[in-house]
Every structure is written in structure tokens, then in C-alpha cells.
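# pasting the sequence and the predicted model now:
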Amino acid sequence: MTAAAEPAAGTVIRSGRGAATASARGEVQQQENTVVQSKMKAEAADPAAAAQLEEDVAYLAKRHRVSPAIVREIIRRIGTSERAAVEREIRKGMARR
């Protein structure tokens with residue numbers, strides 16, 4: 001690299017796998033990607049909670065006439081399995097149709 005093409009210190013360089021930060025000396029330090037644990041997986045670790053979650057998914061799917069996969073996708077996207085929040089998102093989706 002030439003002096004004009006080198007990134008400034010503290011500049012974040014994006015690549016396909018992660019981000020790297022350029023230091024003042026021109027070195028590139030690779031940063032690791034962190035994985036965030038989702039609430040749904042933590043809830044599903046308990047067998048009783050997993051069974052309750054599946055019952056709620058089946059109930060909401062039948063009540064709102066959507067597939068259980070759509071209900072699971074909504075729960076995954078909003079990050080909570082709270083029934084009122086999921087029903088609100090289902091109504092928003094129905095209004096778009």
C-alpha cells in the first residue's frame with residue numbers, strides 16, 4: 001500500500017468475515033465477531049418452557065389462521081414470545097395484505 005492509500009488510524013475496514021481496525025502504525029488488527037444468544041433459545045432449553053412455547057405457537061397460528069412457521073418467524077424477529085406482542089405483529093402483517 002502507498003502512503004495515500006493507507007487507512008487512517010482507528011478506521012474500521014470491512015471484509016466478508018468481520019471487521020478490522022487500522023492502527024496508527026498502519027497495522028491491521030482483526031476483530032472477532034460475537035454471537036448473541038437469543039431469548040427464544042434460552043427459553044427453549046427448558047423442556048417445559050419449550051412445550052409451552054409450542055402450545056402458544058399452535059394456539060396463535062390457529063386463532064389467526066396463519067401457519068405455525070409464520071408465528072415462529074415473528075417470535076424470532078421481535079425477540080419475545082409474549083402473546084400480546086406476537087398478536088400485534090400478526091395484525092400488522094394482516095393489515096398489509
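Ah, there it is. Residues are numbered from 1 along each chain as shown.
# who's in contact with the helix or strand containing Glu73?
Assigned by DSSP states H and E, Glu73 belongs to helix 68-78. Outside of helix 68-78, the residues within contact range by Cβ atoms under 8 Å, 6 or more residues apart in numbering are 38, 40, 57-58, 60-61, 64, 81, 85-86, 89-90, 93. In short, each C-beta sits where N, CA and C put it, glycine included.
# pull out the buried residues from that helix.
By neighbour count with 16 or more other Cβ atoms under 10 Å, helix 68-78 contains the buried residues 70-72, 74-75.
# stretch 48-65 now?
53, 56-57, 60-61.
# can you list which of the residues you listed are found in helices?
The members of the buried residues of stretch 48-65 that map onto helices under DSSP state H are 53, 56-57, 60-61.
# now stretch 85-97: mean pLDDT?
Stretch 85-97 shows a mean pLDDT of 91.
# buried residues in that stretch?
Quick answer for stretch 85-97 (16+ other Cβ under 10 Å): 86, 89-90.
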